[in-house]
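Asker: Give me the fold of what follows.
(2 chains)
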Amino acid sequence: MSELEFRRVSSIHGALMFLKAVDGIALGDRVVIRDRDNNRRNGQVIRSSKEVVMVQVFEGTDNLDLENTWVRFLDEPFELSLSPGMLGRNFNGIGEPRDDRPPLISNLRRNVNGSPVNPAARAYPREFIQTGISAIDGLNSLVRGQKLPVFSGSGLPHNRLAAQIVRQARLPGDASNFVIVFAAMGVSYSDARFFEQEFESSGVLRNVVMFMNLANDPPMERLLLPRTALTAAEYLAYELDHHVLVVITDMTNYAEALREIATEKGDVPSRKGYPGYLYSDLAEIYERAGRLRDRHGSITMIPILSMPSDDITHPIPDLTGYITEGQIVLSRELNNKSVYPPINVPPSLSRLMKDGIGKDFTREDHPRVASQLYASYTRALESRNLASIIGAEELSERDHHYLEFAERFEADFVRQGEHEERNIIETLNLAWELLSLLPPNTLSRVSEEDLHKYHSWDGSG
Amino acid sequence: MGEVLEINGPIVTIRQSGIRNGDQVKIGRLGLVGEVIHIREKDALVQVYESTESLRPGEQVVGLDYPLSVELGPGLLGQIFDGIQRPLNKIMALSGEHIARGLEVSALDRDRSWHFVADNNLVVGSELRGGQILGTVEETETIQHRILVPPDSHGIVIEHAPEGDYKINETIVRIRTDSGSVEDLKMYHRWPVRMPRPYQSRANSNVPLITGQRILDTFFPFLKGGKAAVPGPFGAGKTMLQQQIARWANADIVLYVGCGERGNEIVDILQSFPELKDPYSGRSLMERTFLVANTSNMPVVAREASIYVGVTMAEYYRDQGYDVVMVADSTSRWAEALREVAGRLGQMPVEEGYPAYLASRLAAFYERAGSVNTLAGNSGSVSLIGAVSPPGGDFSEPVTSHTKEIIRTFWALSKPLADARHYPAISWLESFTAYADRAAEWWSEQVGKQWYVRRQQALSLLAEADELERIVNLVGPEALSSNQRWVLESAGLIKEAVLQQSALDPIDSYCSPQKQFQLLDLMLQFHDGGVELIKLGMPVEPLIELPFGGELRRLKSMVPSDDLKELARYSEKIREAFDGLRVEYSNGQETKS
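Answerer: Next up is the predicted model:
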């Protein structure tokens, strides 16, 4: 069947093409389309019946007609060739080279859709990754095998933050480096170039596999790209025993491509026109992060997404937050105050932190310090809010302590240099320095022992 | 028996004959399992529990002649099943780390022997009715599994096995049915999941389900056999709370249904529960726990089924006379699975794409909760606790709002509380329970006469404080009277010393009812003491400066549940301090006059 070309296109619209009278075509099969100028396009069967086959065309259907379009069904799903030689290479969403080098030849090919991991085969992620960034390590620690997205907005420095994490992430006391899978969807050329340069200048380029679909590349290919990239990541992690860090940007572009095709197919829309299966679809991607019980490697995932109009309740960040193990939220307000990284502490969260920090991982007081910083900072924001209403002069002495705490917390703890690396002990000591601005009887989340050991309150603040 | 006509995601159209609506079918070379949900002349629509990728029109379909049903017998506890009751450990042995398609694995181990002890009433010639107890096997050290006559069987015993070791496929009792035929009864039977299991009658239970969580047990109590919902935006601690309930609930059996949620949450339970001790039996928690896990990346149709698979197994243990808690995380993902199937069928969407039958399906599901008198004459219960994941944290969305109409206890999680790391982040303003009056009976008998009064007092104090905070945010604290400032102070104390509870703290993670009551009583004693002094005209500042704040807030993690003497000592200390203040103050007043 794979050599046969059909010329039975019955209708075409948007990214969809319908063929009549081709029976027995398997769902999900890869399709190659040849147009009147002999140009090739790629497609996939997304609905199949005895009468009609629906094909999604990644490059779109512009310039296709019914008469001069030849369609070949490859009788196989989308697969990615896998070999160690993929490190240092650059591919598009369906795994074809974007660099000027030959395609990867390998006997090992995998269906990019993968199949669901058996929950009973997973291992619980619990190894602390030090990113050198206080607001992450101290308050929202990342662990190996976690999926921790960055919720950003247009114009915020999420790329710089992601690059810093890639540069600095390591396991304390473990020399093995991360291998990086970088998946870019619908990003601008300059953003892609920024990452390439980053990888180059930090000397990790040989340990990076890139999958790119830029803003001017076929948008439907974005539906496949994260799956292709994760197939590579799974190979690197579970077969070559690497610890893999997957950076995916920008998930919003992915979800928009999904909405586009869903609308064309006539799927029932749920919120904001996104299809009802957006959650399941995103989960298929995010849930490929993790650790397996009997494998050495791991997949840690940092998806980046821009929140449309900075709205965290928008379906894309909302559904993402329900699937991922926490989120790092960036704040426009802090960015405007020139705080880098502008991490908005209260809504940020790491769900796996509890099992990766403390006595045997970071330091014994870490869980309580993190909790106390959260509590004190949210309390301090109340004082700041009050000051903006009634004026700082009217505030109590305690509120004044809190005001100072909030300022110092943002200026000294959250803010740090793009190339500044603080180890976890430095981060925790810095935290105590700030907590020492507050009287001990306001610190109910830490123990008496912690206070005794680390808190230096001189009674005046 | 049929062939595939069309494949549209998880919905497959087949040409068929002789297949009933609701029947299971096997599709194609891979043998994918599905369920007929719609018959239209010669065609039928099948929802498939596994991915339909690579399926082709023209492949064969075989009807299995029975609806989606589960195996019920010894060996369920400690297990983890997928959405259609296939044991995930066995799947792993067969297909490795990833779940292959078309696997046929039975839920219960055919090779394992169980020591069966016949019931005294089991004698040749006696009449057996559905639901009656044939005998027992020790399923785990804590749970005696009562082998039941299938609910739809009835007859006279003509033969039965003596005490001994049997595999579940062996016949242990032979009966002659009313129609005269012979039926073999084994230690397990099958039951269709979409049909509630029968019982004799509903019972009215007033026994609270104790979870060891203060905000739940004391403020928004829940009864055994009740129905509750836990709605919350992401990151508000829904899963953590569900896990705490699964850990500490004073039920006999706990079933955790992970429906469309994260794989790592299931792993967390699988790894931590065997090491945790059941506070009631002292044995490993896993001995009374089992799981259904259909994580978010597993096929969506099996997610729809998982809830029914779960509740049917829960009912089965109820029918043995046990109190069962089923925690479902999350019912929203179940509703979304309904929506996805409805959308593919082209059914008219009503709200946010959900089909019109969403509300009735939800209600029918929760109705399977309850305390009952079983067919065997015992009492048992199923308590249902469903997590709800409202998009954007908006409680007015369809799943939350319909659920709210159905359930009786609503534990609402709040994002602002979670952001301040106030855990459990349950809002005392938005939550409600219809069971408080009934629970009060148990609490005042077992724990403290003053329970109901103290609870009411604390709730009004908290509500008043929220009101006052709004004023403070407008005009500053100076505008408040001494009394009002003291209310704010005390509410802050109650929030931190009582409502907040750390799941990670070894002492505070579980709080006994006695400790719950005494802690609350202590904080209110502190409040009342202040109120009295303010009434005498004392300013509020010296009260706020009292050196108790930090210690009172730390008591919860200092005083273990089984040794509450320290709390009584504290009560005495507070009394003395206030007495001292009163004397000092009235002396000062006298010298002035």
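Asker: Please identify the buried residues of the helix or strand hosting B:Asp579?
Answerer: Assigning secondary structure by DSSP states H and E places B:Asp579 in helix B:565-592. When neighbours are counted by 16 or more other C-beta atoms under 10 Å in any protein chain shown, the buried residues of helix B:565-592 are found to be B:567, B:570, B:574, B:578, B:581, B:585. Using the backbone N, CA and C atoms, a C-beta is placed for each residue, glycine as well.
Asker: Could you dump the residues you listed into a markdown table and include pLDDT and distance to chain A?
Answerer: Below are the buried residues of helix B:565-592 laid out as a markdown table (pLDDT from 0 to 100; distance: C-beta to the nearest C-beta, whole Å):
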| residue | pLDDT | distance to chain A |
| --- | --- | --- |
| B:Leu567 | 93 | 18 |
| B:Tyr570 | 92 | 16 |
| B:Ile574 | 92 | 16 |
| B:Phe578 | 91 | 19 |
| B:Leu581 | 88 | 18 |
| B:Tyr585 | 83 | 22 |
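Asker: from those, which single one is nearest B:Glu265?
Answerer: Using C-beta to C-beta, B:Leu567 comes nearest to B:Glu265 of these, at 34.7 Å.
Asker: so that closest one makes contact with B:Leu522?
Answerer: Yes - if you go by C-beta atoms under 8 Å, B:Leu567 and B:Leu522 touch, sitting 6.0 Å apart.
Asker: shared neighbours of those two, which are they?
Answerer: B:Leu555 (C-beta atoms under 8 Å, 6 or more residues apart in numbering or on different chains).
Asker: about what we covered before: which other helices and strands does the helix holding B:Asp579 contact?
Answerer: Using 3 or more C-beta pairs under 8 Å, 6 or more residues apart in numbering or on different chains; DSSP states H and E, the elements in contact with helix B:565-592 are helix B:513-535, helix B:549-558.
Asker: Just confirm yes or no for the shortest one near chain A.
Answerer: So the one you mean is helix B:549-558. Yes - Helix B:549-558 comes into contact with chain A (C-beta under 8 Å from any C-beta of the partner chain), by way of B:549-550, B:553-554.
Asker: The residue positioned nearest the centre of chain A sits in which helix or strand?
Answerer: Nearest to the mean C-alpha position of chain A, by C-alpha atoms, centre = their mean, lies A:Pro303 at 0.6 Å. Here A:Pro303, judged by DSSP H and E, is contained in strand A:298-306.
Asker: Flag every buried residue along that strand.
Answerer: For strand A:298-306, by 16+ other C-beta under 10 Å, it's A:298-306.
Asker: Export it to CSV, keeping only CA atoms.
Answerer: Only the C-alpha atoms of strand A:298-306 are listed here, as CSV (Å, rounded to 0.1, in the frame of the first residue of the first chain):
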residue,chain,number,x,y,z
SER,A,298,15.1,10.7,34.3
ILE,A,299,13.1,13.4,32.5
THR,A,300,12.7,16.7,34.1
MET,A,301,10.5,19.1,32.2
ILE,A,302,10.3,22.8,32.2
PRO,A,303,7.5,23.9,29.8
ILE,A,304,7.2,27.6,29.3
LEU,A,305,3.9,29.2,28.5
SER,A,306,2.8,32.7,28.1
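Asker: what element comes up after that strand heading to the C-terminus?
Answerer: helix A:315-323.
Asker: For the residue nearest to B:Phe410 when sequence neighbours are not counted, grab the count of nearby residues.
Answerer: Leaving aside its chain neighbours, B:Phe410 sits nearest to B:Phe432 (5.0 Å; criterion: C-beta to C-beta, 6 or more residues apart in numbering or on different chains). By other C-beta atoms under 10 Å in any protein chain shown, the residues close to B:Phe432 number 15.
Asker: was I right about B:Tyr570 contacting B:Leu522?
Answerer: Yes - if you go by C-beta under 8 Å, B:Tyr570 and B:Leu522 touch, sitting 6.0 Å apart.
Asker: Now for these two: what residues contact both?
Answerer: Common neighbours of B:Tyr570 and B:Leu522, using C-beta under 8 Å, 6+ apart, are B:552, B:555.
Asker: What is the helix ranked longest in chain A packed up against?
Answerer: In chain A, taking DSSP state H as the definition, the longest helix is helix A:366-390. Packing partners of helix A:366-390 (3+ C-beta pairs under 8 Å, 6+ apart): helix A:353-356, helix A:397-408, helix A:424-435, helix B:451-475.
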